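S.K.: Sequence isn't available, so here's the structure alone:
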Ligand SMILES: NC(=O)c1ccc[n+]([C@@H]2O[C@H](COP(=O)([O-])OP(=O)(O)OC[C@H]3O[C@@H](n4cnc5c(N)ncnc54)[C@H](O)[C@@H]3O)[C@@H](O)[C@H]2O)c1
């Protein structure tokens, strides 16, 4: 297959690109390197430096017959979206409108989208299902939900679309220099620097952590199909983990003492208190479920980070 990956220099996009290249696919990456480095684009992928929120960017793509687009380029921090909502909407929602229009012009039939658990906001019932109310509490969540709707509209004209609502993805390759996005990566980055870990929000908040390779399995599973029965799937572990427990697991994996200093700070606007996924739909319709235990995944992440020069 020939695949265009937007955001293919980022954490999830570069892992997806690497897996596709290993499976013999042709991969084109478009990324503006705003939160990634040129070196994280896997060798073998064609790279285009461009801003996906600008109409002219897609005109620069190599003229190939693309089988699918995986749209992962995004401003991926909820906190940043509250500080710069216009930038967030341009990157995260306008880009999807531009992409859908380009797909129509190019005759591309398939789009996979990196949606997020942020669309659920602070849900009333847990775990959240795809049918749960989607009431985002950040502009980031609003943009992700808007993109889902844009794709739903485009599917009426024959585009085959699937949105993967990923929960907290973690693992080797996560950008430890980006201290605005990714709970596990932010906390680990401070631990590796040997300084107190600032935690913005309560230690009793909870999240659903899903390992990167499990997430890539889900993307590949969906990509190898012409269409999916549903247009949106939760991709999580289905397990709630308190921030307090995540910190302890990270300390254990790093060989640091339990008394390591943690500074609780005020939660930024748009922060979600706690949620976790019901991934029954992905299990039944795709035969996908997360396999990696959090302690194992964190150990692999720490082992990788200790060898990663940008980690300290
Ligand atoms: N990491 C998670 O836990 C998680 C959870 C749910 C959804 N997502 C979504 O998955 C996608 C990938 O997330 P990630 O963790 O790899 O984040 P990331 O920040 O590592 O990757 C995003 C990539 O998009 C690029 N980018 C940003 N703005 C761009 C623009 N205007 N034009 C072109 N490229 C641009 C960045 O340089 C980066 O390489 C994002 O859409 C994110 O919102 C991530």
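M.R.: Received it, and whenever you're ready, just let me know what you need. Fair warning: this is a prediction, and the values are worked out from it, not measured in the lab.

S.K.: tally of neighbours for residue 122?
M.R.: The local packing of residue 122 (other C-beta atoms under 10 Å) involves 12 other residues. For the C-beta atoms, the positions are set from N, CA and C on the backbone; glycine is no exception.

S.K.: Contact residues of the stretch 151-300 of the chain facing the ligand?
M.R.: The interface of the stretch 151-300 of the chain toward the ligand, taken as C-beta under 6 Å from any ligand atom, is made up of 166, 168-169, 175, 182.

S.K.: can you give me the helices for the protein?
M.R.: All helices of the chain, identified by DSSP state H, fall at 11-22, 78-83, 85-89, 95-106, 139-155, 183-193, 212-223, 243-254, 280-286, 294-307.

S.K.: sorry, back to before: find the pair from the residues of the stretch 151-300 of the chain next to the ligand with maximum spatial separation.
M.R.: 166 and 175 (15.7 Å; C-beta to C-beta).

S.K.: Now do the end-to-end distance for stretch 224-241.
M.R.: Taking C-alpha to C-alpha, to the nearest Å, the first and last residues of stretch 224-241 lie 32 Å apart.

S.K.: if you average pLDDT over that stretch, what comes out?
M.R.: Taken as a whole, stretch 224-241 carries a mean pLDDT of 98.

S.K.: quick revisit: of the helices of the chain, give the one that comes closest to residue 5.
M.R.: Proximity to residue 5, assessed across these by C-beta to C-beta, is greatest for helix 11-22 (5.1 Å).

S.K.: Please see if the closest one touches the ligand.
M.R.: Yes: in terms of C-beta under 6 Å from any ligand atom, part of helix 11-22 sits within range of the ligand, namely 11-13.

S.K.: Show me the contact partners of stretch 287-296.
M.R.: When contacts are taken as C-beta atoms under 8 Å, 6 or more residues apart in numbering, the neighbours of stretch 287-296 outside the stretch itself are 209-211, 213-214, 217-218, 221, 235-239, 241, 246, 249, 252-253, 279, 282-283.

S.K.: quick one on the thing from earlier: would you turn the helices of the chain into TSV with distance to residue 40?
M.R.: Formatted as TSV, the helices of the chain follow (distance: least, C-beta to C-beta, whole Å):
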stretch	distance to residue 40
helix 11-22	5
helix 78-83	20
helix 85-89	22
helix 95-106	20
helix 139-155	22
helix 183-193	14
helix 212-223	13
helix 243-254	22
helix 280-286	27
helix 294-307	13
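
S.K.: closest one to residue 261 among these?
M.R.: Set against residue 261 and scored by C-beta to C-beta, the helices of the chain come closest in helix 183-193, at 9.5 Å.
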